[in-house]
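K.L.:
sequence first, predicted coordinates after that:
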Amino acid sequence: MALPKIDDVRKLNDEELAEEILTTKRKLFDLRFQQATRQLEKTHEFKHTRHRMAQLLTVERERQLNINQSSSTTEEA
């Protein structure tokens, strides 16, 4: 299974992005729970899920910075 692509994340709108972040956090919790109870079989899912979470948070932060940057440029004008 290949790692998810960031282009897929950038296509999401803000609501979908927030929902995907919550879903991914829940999945990471479930994976940690499965690992603690020794039920986890596919250990590579940790890497993929953490990678996905990093992508989601990166895009969210990029959008926050773009909003702040655009609002500061309108205040200066």
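P.N.:
Now that the structure is in, tell me what you want to look at.

K.L.:
in terms of helices and strands, where is the most centrally placed residue in the chain?
P.N.:
Geometric centre of the chain, nearest residue: L56, 2.4 Å, by Cα atoms, centre = their mean. For L56, the enclosing helix or strand under DSSP states H and E is helix 44-76.

K.L.:
still on that earlier bit, my guess is the residue nearest to the centre of the chain contacts I6. True?
P.N.:
No. Counting by Cβ atoms under 8 Å, L56 sits too far from I6 to count as a contact (9.2 Å). Using the backbone N, CA and C atoms, a C-beta is placed for each residue, glycine as well.

K.L.:
which ones are touching the residue nearest to the centre of the chain?
P.N.:
V9, L17, E20, I21, T24 (Cβ atoms under 8 Å, 6 or more residues apart in numbering).

K.L.:
looking at those, which are in helices?
P.N.:
V9, L17, E20, I21, T24 (DSSP state H).

K.L.:
want to throw those into TSV with pLDDT, neighbour count and distance to Q69?
P.N.:
Shown next, in TSV, are those (pLDDT from 0 to 100; neighbours: other Cβ atoms under 10 Å; distance: Cβ to Cβ, whole Å):
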residue	pLDDT	neighbour count	distance to Q69
V9	92	19	20
L17	96	17	18
E20	96	19	24
I21	97	17	22
T24	97	18	26
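
K.L.:
can you put the residues you listed in JSON lines and add distance to A2?
P.N.:
JSON lines is the format used below for the ones in helices among the contacts of L56 (distance: Cβ to Cβ, whole Å):
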{"residue": "V9", "distance to A2": "15"}
{"residue": "L17", "distance to A2": "21"}
{"residue": "E20", "distance to A2": "18"}
{"residue": "I21", "distance to A2": "21"}
{"residue": "T24", "distance to A2": "17"}
